[in-house]
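J.: sequence first, then the predicted structure, then my questions.
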Amino acid sequence: MRQGFTCLLNNSMAEIKLLKGNEAIAHAAIRYGADGYFGYPITPQSEIMETLMDEQPWETTGMVVLQAESEVAAINMVYGGAACGKRVLTSSSSPGISLKQEGISYLAGTELPALIVNVMRGGPGLGTIQPSQADYFQAVKGGGHGDYRVITLAPASVQEMADYVALGFDLAFKYRNPAMILADGVIGQLMEKVELAPQKLRRTEAEIRKECPWAALGRPAGRQPNIHTSLELDSTVWEQYNIRFQAKYKAIEANEVRYEELYCDDAGYLIVAFGAAARISQKVVEIARKEGIKVGLFRPITLWPYPSKRLNSYKNKVKSILTVELNAGQMVEDVKLAVDCQIPVTYFGRMGGIIPTPQEVYNALKKIVNP
Amino acid sequence: METIIKPENIVYGKPRLINNNPMHYCPGCSHGVVHNLVASVIDEMGLAEKTIGIAPVGCAVFAYKYLDIDWIEAAHGRAPAVATAVKRLNPDKMVFTYQGDGDLAAIGTGETIHACNRGENIVIVYVNNAIYGMTGGQMSPTTLVDMKTATCPYGRNVALNGYPLKITELLVPLEGTCLVAREAVHNVAAIKKAKKMLRKAFENAMAGKGTSIIEFVATCSAGWKMSAGQANNWMVENLFPAYPLGVLKDRV
Amino acid sequence: MQHELIIAGFGGQGVLSMGKILAYSGLTEGKEVAWYPSYGPEQRGGTANVTVILSDERISSPVLNEYDIAVVLNQPSLDKFEKTVKKDGILLYDSSAITRKPSRKDIRIFEMNAFNTANGEGLGKVFNMMVLGGVLKVVPMVKLENVLAGLKKSIPERHHKYLPMNEKAILRGMELIQEITN
């Protein structure tokens, strides 16, 4: 067994561990009572499957862990598991997520719950193996073909990597929709203190049948067959499906927005950033505050649904907004939409796997403070 | 007439798991008969409540409309991957895929070989009619040399398209497969034989013996632009020599 | 109180694991910790580095451009990280791997001949612990007993027989370290 640093909390089955973000995903999935993981190795997230294989959860919780022959096979295994009402997940990094997009579209089209983890690296193409946030558009605007949305959670710490496994599954099942943890190479490789939730039991087949009456687990006499398909030759019928999907997305937008605000109360300027960029920006805020610049950090946690309404409320409070991203400026478009372009919104970022230093971001901030 | 219609006089009936939805298959197509066999075997083995079918993309995409069991419709070629997860997560269930030659032997070659190589305890029902029927009769990996289709209108040219893919033969040496057989449903004797083989495959899956693949050499009267009778004869004369029937592997 | 370190050297010198032991030790003392490695092919024979942060409060950025302490175990790392030490910060290097000495006057500089000493005294395998000893002598950011507790918990039981050797290396490192006066 891989040696982790563990100390038991008093009177609790929760545990404090020192883990990499990727390892935290694996431990959290086991503890959540996940039924299956299907993946294919790719840097910088291979520790997820390595940790699962090392933990051998099939011996303890009964969780299935399988190394598939490709990312394409892995996402379709997830699709099969999800259709049975099982809690299944897969993980990959950018190029592998591109391969999984067809399957994610099928999950959305059949309204099946599943968790997909993307530990982003620099693209396009094979790109670099270094951290990036260049898959923002892909994650929050759909990703594959068709009109659909994926609930997208952006962890900024190892603790959140663990926590969002449970949250991602909960939301996926609540709305029968794929959910994604959109992390980056920094959060995947970073090691921090993490409190792991107590072990939950995997659901029995009877419990799944009750909770997910749609699950394809074999048709008992008297019930109609459960059929999972996203094919419909009659466009009038399929339009009605689409209308229903859109209504569901509206409900998610109304109910599931999450964000964090730091030093925002008296802020004259705002940095908007997620994931690793938010951690760097937090340091920048600390430096700037020491220099007397009143700047706050607004960190979207759900990238879809995006916290547009809350951001909009800042348009009369702050003079301008800086978005910090590990890409060419993707989220900045959503920030501009959120504030109706009524205050200046600028972007700063690095690409291709380069991580901006706090100093670089601070310099960018000073440019908007003293233009 | 009325006096004859009594339960005790029935010599043939629709399998119980086949519902009354009108099938979209063309007259003379083999799919209907293969559906019938699959439904009969599932019912006769008492597996109706335990079976999950994985439908392909291709002519059999609507298989889920005709057999009253739970179904998952897979993306093109990915049925063996879908079946892998369903069976691994539900080891007590009967899981089978139903795929055509485009789905299984072209776009899904990787999934087919790897599921078989892992010895997944599933059955692969493979219907090979040497053409893409659903999309209007294009060349498939198993289209014969010189055979004409919409995308090889002058006949399959080896220099351009390579050779007919005998994927079933490729699955024989894989250690994960336990039963590899090629059948047909062109006459009553063949149908009876095929049903026995299919039942054996389903038994293997439930006994955890590994992957069973039953290929059905099949007709596509519409794609081949023939009548039902002509298609049957053409299949016997042309497809059988290229894809000879028989048991290729039966690991006891 | 917050300590921001960069530890850098060749892949295989135990740079990442030294950082890990430090992080474990910090955790044992109830601190917030962050360990962020350079990752990828450069781990295999090239230069490797890891950022370690120990803090009493929530840690913001695991990515830094300046450090309180830089521990450099080869010349490329010295060239790269000398300039990133904060004013009045600490630069610590292994003299056996350095051809050009650091030149900054606004920082404190320490050296130790750890590599040669470790190999000469049969402690080659725990060279990185010797360096850690030097670091802890200069900045006792964690207690020695917690380092040993962290080590014990972080290495497999079958390797526990090496714990005394690790302790010896740490203590020897504490003796070896010396400040360079410019």
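T.: Here it is on my side, so go on.
J.: only C-alpha atoms from now on, for both contacts and neighbour counts.
T.: Fine.
J.: mind listing the strands for the stretch 51-200 of chain A?
T.: Per DSSP state E, counting those that start in this stretch, the stretch 51-200 of chain A carries strands over the ranges A:64-67, A:88-92, A:114-120, A:151-153, A:178-184, A:191-196.
J.: mean pLDDT for those strands - can I get that in a markdown table?
T.: Formatted as a markdown table, the strands of the stretch 51-200 of chain A follow (pLDDT from 0 to 100):
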| stretch | mean pLDDT |
| --- | --- |
| strand A:64-67 | 98 |
| strand A:88-92 | 98 |
| strand A:114-120 | 98 |
| strand A:151-153 | 98 |
| strand A:178-184 | 98 |
| strand A:191-196 | 96 |
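J.: which of the ones you listed sits closest to A:Gly144?
T.: Distance to A:Gly144, taken as C-alpha to C-alpha, is lowest for strand A:178-184 among the strands of the stretch 51-200 of chain A, at 12.3 Å.
J.: does that closest one reach chain C?
T.: No: Strand A:178-184 does not reach chain C (C-alpha under 8 Å from any C-alpha of the partner chain); its nearest approach is 12.8 Å.
J.: send the alpha carbons of that strand over as CSV?
T.: C-alpha atoms of strand A:178-184 as CSV (Å, rounded to 0.1, in the frame of the first residue of the first chain):
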residue,chain,number,x,y,z
PRO,A,178,-22.8,15.0,-16.2
ALA,A,179,-20.7,17.0,-13.9
MET,A,180,-17.0,18.0,-14.3
ILE,A,181,-14.3,18.8,-11.9
LEU,A,182,-12.2,21.3,-14.0
ALA,A,183,-8.8,21.4,-12.2
ASP,A,184,-5.4,22.3,-13.5
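J.: quick one: contacts of it?
T.: When contacts are defined by C-alpha atoms under 8 Å, 6 or more residues apart in numbering or on different chains, strand A:178-184 is touched by residues A:104, A:107-108, A:111-121, A:131-133, A:139, A:150-156, A:161, A:164-165, A:168-169, A:171-172, A:275-276.
J.: hmm, 7 Å instead?
T.: A:107-108, A:112-121, A:131-133, A:150-155, A:168, A:172, A:275-276 (C-alpha atoms under 7 Å, 6 or more residues apart in numbering or on different chains).
J.: now A:Tyr314: closest residue in space, sequence neighbours ignored.
T.: A:Val339 (7.6 Å; C-alpha to C-alpha, 6 or more residues apart in numbering or on different chains).
J.: likewise B:Leu245?
T.: Nearest in space to B:Leu245, with sequence neighbours left out and distances taken as C-alpha to C-alpha, 6+ apart, is B:Arg182 at 4.8 Å.
J.: give the helix, strand or coil label for that neighbour.
T.: What DSSP: H, G, I helix; E, B strand; the rest coil gives for B:Arg182 is strand.
J.: quick one: contacts for it?
T.: B:214-216, B:245-247.
J.: give me the beta-bridge partners of C:Trp35?
T.: Beta-bridge partners of C:Trp35, counted by DSSP bridges, are A:Met191, C:Val52.
J.: okay but it is in contact with C:Ser55, surely?
T.: No: assessed by C-alpha atoms under 7 Å, C:Trp35 is found out of contact with C:Ser55, at 11.9 Å.
J.: quick one, which of these two is more surrounded?
T.: More crowded of C:Trp35 and C:Ser55, by other C-alpha atoms under 10 Å in any protein chain shown: C:Trp35, with 27 against 19.
J.: can you give me the neighbour number for B:Lys249?
T.: Counted with other C-alpha under 10 Å, B:Lys249 comes out at 18.
J.: how about it, secondary structure?
T.: Using three-state DSSP, the structure places B:Lys249 in strand.
J.: these two touch, right, it and B:Gly176?
T.: No: judged on C-alpha under 7 Å, B:Lys249 makes no contact with B:Gly176 at a distance of 11.5 Å.
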